[in-house]
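Predicted model and sequence below, questions to follow.
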Amino acid sequence: MSSFKIFDIAGSGLSAESVRLNTIASNLANADSVGGDPAAVYKARHPVFQAVRAALTSFSTDPDSGAGAAVRVAGIVESNAPPTVTHDPGNPLADAQGNVYSPNVNIIEEMTDMISASRAYQDNVEIMNTSKELMLATLKLGQ
């Protein structure tokens with residue numbers, strides 16, 4: 001396996017964590033929105049990651065020859081949790097019973113997930129920097 005594939009793997013991790021951070025930001029931005037219809041209110045979204053292992057090349061059966069790995073976002077799913085119901089007849093968005101519906105976004109879970117995604121992103125950056133430094137140190141061995 002080429003030593004440069006580490007950059008592809010870490011890069012795919014960076015891309016996936018970036019999608020995760022953007023999804024969390026969207027959830028947090030819509031956490032305080034309300035609506036008069038439970039079907040129309042914002043639903044929390046979460047990315048689904050998938051590990052991908054590339055197929056072997058047709059020229060070799062050695063697993064280390066041409067195979068690579070990556071992380072990709074398989075999709076973004078909406079939460080099935082019901083929205084929070086609040087009785088607020090004075091709200092202009094209230095339904096006929098005087099209820100308004102809030103998104104099913106848990107701010108504490110989202111903030112915890114954001115810290116986790118941020119650290120995973122930082123880890124992938126550190127992997128790339130360490131790999132670069134090791135490659136440069138290897139090149140300097142011949143001097």
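Cool, the structure landed. Numbers count the residues shown, from 1 in each chain.

Would you confirm that residue 78 contacts residue 47?
No. Residue 78 is beyond contact range of residue 47, at 11.4 Å (criterion: Cβ atoms under 8 Å). From N, CA and C alone the C-beta is placed, and that goes for glycine too.

quick one, which of the two is more surrounded?
Applying other Cβ atoms under 10 Å to residue 78 and residue 47 shows that residue 47 carries more neighbours, namely 18 against 11.

which SSE is the more buried one in?
Residue 47 belongs to strand 45-53 when assigned by DSSP states H and E.

angle of the longest helix seen in the chain against strand 45-53?
If you go by DSSP state H, the chain has its longest helix at helix 107-140. For helix 107-140 against strand 45-53, the angle by axes from the mean of the first three to the mean of the last three Cα atoms, to 10 degrees is 30 degrees.

Can you give me the buried ones in helix 107-140?
Along helix 107-140, these residues count as buried under the neighbour rule (16 or more other Cβ atoms under 10 Å): 110, 113-114, 117, 120-121, 124, 127-128, 131.
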